[in-house]
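Below: sequence and its predicted model.
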Protein chains: 2
Amino acid sequence: MTTVGDIPKRRATRADVARYAGVSPAVVSYTVNAGPKPVADATRARVLEAIRVLGYRPNAAARTLKIGSTKMLGLIVPDSSNPFFAQYGHAIEDAAAAQGYALLVVNTGGAPESLAPSIRTMASRQVDGMLIAFQPSMDALAEISSAGIPTVLLNQTTAVSGLPAVGSDLYAGARSGVQHLIGHGHRSIAFVGDSDPLDERQRGWRDALTAAGLAPGPIAASDFTREGGYLAGRELLSENRRASAVFVSSDMQASGVLRAFHEAGLSLPDDFAVVSLDGSPESEYSWPALTTASQSVVDMAAEAVRHVITPTEQTRFTLYPTSLVVRQSCGCAWPEAESGAR
Amino acid sequence: MTTVGDIPKRRATRADVARYAGVSPAVVSYTVNAGPKPVADATRARVLEAIRVLGYRPNAAARTLKIGSTKMLGLIVPDSSNPFFAQYGHAIEDAAAAQGYALLVVNTGGAPESLAPSIRTMASRQVDGMLIAFQPSMDALAEISSAGIPTVLLNQTTAVSGLPAVGSDLYAGARSGVQHLIGHGHRSIAFVGDSDPLDERQRGWRDALTAAGLAPGPIAASDFTREGGYLAGRELLSENRRASAVFVSSDMQASGVLRAFHEAGLSLPDDFAVVSLDGSPESEYSWPALTTASQSVVDMAAEAVRHVITPTEQTRFTLYPTSLVVRQSCGCAWPEAESGAR
């Protein structure tokens, strides 16, 4: 019986197996690789027994040299503990594992200049493909090109020249969220998110209001963090022109906005309705439960992995739809809302 | 200028570099490895230029064969998208990267029988060390032993024979949380978590009550999920012998408990006080913000990585203290509570 006390001080080598089985190292290789030369059954059994007893594993590095593939993919994200990326990363790991690939994960911390070193790390480990959740700079694009590794960009809103990419239709997602708030009778709807007027979510928010003949409500610029959402929520409360509802660009920010509103003693969603975007698992457990334009994370992960494992000549940008998950933060009552918890 | 259109169809080899620079492949090796033979400065410059132009990367697999190390660590967790493991995994990635190690992440889905295949996956990729967040079965222990790879177990409550391990003092954490609730004047305090009376958290809860001369309140057994917490919260409300406070075994479960209480129209924390355990980032943004016995995730990650990279002869179990982060769910008012958000 093998006990944990038996842990060998070093890994068994092919030579160890050969010695134990009383054969040449070449015969061990023939047995492990089923060729190129034949091995007699009795010899083969001796070698397999030696492999079992010594816990020998054929060397992955040697195999890599032979077949030119590490069967590893690399995932580069700003912050793997962000619930959205945690969910996305898990889906990518599932999709990769289903094809026999292992996943290396690197966090950049979010600084644009930290992307290039992360790409070099992945390249030096010779991953078979990279998945990068970043808007790459020119420097990073050059680094990707020089790495010569099939790469798919995640979280993109438009095609990036020369590289395949996947992303959610954030514009339509924001628009559908705001339309839902308008349907609840709100006439002044604020926005929390990126301050850039060209941001897809801000555009979707504005266009939904304009199409309904409404003026854009106040904008509270915010980092994509809970803390950023909290500060934006406080800012909305201090605005002179108060809104009665807000579209928030991510679930994480929305959890901060909700906290700011609760602290101010508001009754939610009556005093302030909230709709967000992402559909992370925790959005169902905020109070009130978030109505949110949910991203198709599992589908995007599967497509990105498929594309990076089997690159095609033509690059492609695939935009995935969001779907509005209606809960209570928008003002829908229990019976109307589809809640996963019941 | 390099453009993305230039992506080569195959990776540049040492032979390509040699041809471009007009030197022998051996000279390329001497340049890359700074030896063993000297290279003239002018030749060296030509080789480096060729490496730059062709985007050549010294072959990690070949280097691995030479130095016998992949500089990779493997992390095996039940679910990397669980906020606690997402936070823990990020801290481990940081600690590994600081030492030049990359991190392979494998999710098992939580089924005990899926651990052994995950260990074989890590072994076949020849990671230099494994970090496993599981209570290993005898089968899994045998697999770890046979892999012959330095391994540290995470999330352990006691020493596991023959393997180094780290874990939080959950007993003391639960005890301190319950003592805090007792300090608020509660006399009937419920428990949500593992139904096993020997569970560290349940023991800490019971011993704190007993030490204060109080009878244990109701126990609502629960999975370690938000949904499990939600169901347990509903169960507590239907109990005849109602408690006025509850200790919940994890932040995730607590978010479900809070939801159940809110849905029932309770005013929190006045109608029902809650203290949990973990200290995940989202615990600060629940409503009310959770008072929670926080685990020393960054310290545990650093210790586990250090131990797996530099294994010592003697195995060791290191227990880390938790620290109670006081917010509002326990009944503390704003000025008393230390809130990170302000």
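Now that the structure is in, tell me what you want to look at. A quick note: this is a predicted structure, and the numbers were derived from the prediction, not measured.

Before we go further, residue A:131 is sitting in a strand, right?
Yes - Residue A:131: assigned to a strand according to DSSP: H, G, I helix; E, B strand; the rest coil.

So for it, what's the pLDDT?
pLDDT, residue A:131: 97.

what about residue A:179, helix or strand, and which?
For residue A:179, the enclosing helix or strand under DSSP states H and E is helix A:170-183.

which residues touch the following helix or strand past that helix?
Sequence-wise, the next helix or strand downstream of helix A:170-183 (DSSP H and E) is strand A:189-193. Here strand A:189-193 makes contact (CB atoms under 8 Å, 6 or more residues apart in numbering or on different chains) with A:178, A:181-182, A:199, A:201-202, A:205-206, A:209, A:214, A:216-222, A:224, A:229, A:232-233, A:236, A:239, A:243-250, A:253-254, A:257. Every residue, glycine included, has its C-beta placed from N, CA and C.

how does it look with 6 Å?
A:178, A:181, A:201-202, A:205, A:217-220, A:222, A:232, A:236, A:243, A:245-249, A:253 (CB atoms under 6 Å, 6 or more residues apart in numbering or on different chains).

how many neighbours does residue A:262 have?
Using other CB atoms under 10 Å in any protein chain shown as the criterion, residue A:262 is surrounded by 17 other residues.

In this structure it contacts residue B:288, no?
No - applying CB atoms under 6 Å as the test, residue A:262 and residue B:288 come out as separate, 7.8 Å apart.

What segments of the stretch 201-342 of chain A are helices?
A:226-238, A:251-263, A:297-309 (DSSP state H, counting those that start in this stretch).

of the ones you listed, which approaches residue A:156 most closely?
Closest of the helices of the stretch 201-342 of chain A to residue A:156 is helix A:297-309, at 10.4 Å (criterion: CB to CB).

And the contacts of the closest one?
Residues contacting helix A:297-309 (CB under 6 Å, 6+ apart): A:87-88, A:91-92, A:95-96, A:99, A:129, A:131, A:150, A:152, A:154, A:164, A:166, A:318, A:320.

now, which of the residues you listed lie within strands?
Residues of the contacts of helix A:297-309 located in strands (DSSP state E): A:129, A:131, A:152, A:166, A:318, A:320.

Just the buried subset of these, please.
Taking 16 or more other CB atoms under 10 Å in any protein chain shown as the criterion, what is buried in these is A:129, A:131, A:152, A:166, A:318, A:320.

Which one of the residues you listed is nearest to residue A:75?
Closest to residue A:75, out of all of these and judged by CB to CB, is residue A:131, at 4.9 Å.

just the strands in the stretch 1-150 of chain A please.
Assigned by DSSP state E, counting those that start in this stretch, the stretch 1-150 of chain A shows strands spanning A:72-77, A:102-107, A:129-132.

In JSON lines, list those along with distance to chain B.
Below are the strands of the stretch 1-150 of chain A laid out as JSON lines (distance: least, CB to the nearest CB, whole Å):
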{"stretch": "strand A:72-77", "distance to chain B": "7"}
{"stretch": "strand A:102-107", "distance to chain B": "5"}
{"stretch": "strand A:129-132", "distance to chain B": "12"}
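
where does the stretch 151-300 of chain A have low pLDDT?
A:161, A:240-241 (pLDDT under 70).

Give me every residue in it lying close to chain B.
A:162, A:226, A:230, A:255, A:259, A:262, A:285, A:287 (CB under 6 Å from any CB of the partner chain).

The fifth one: neighbour count?
Counted with other CB under 10 Å, the burial measure for residue A:259 works out to 26 neighbours.
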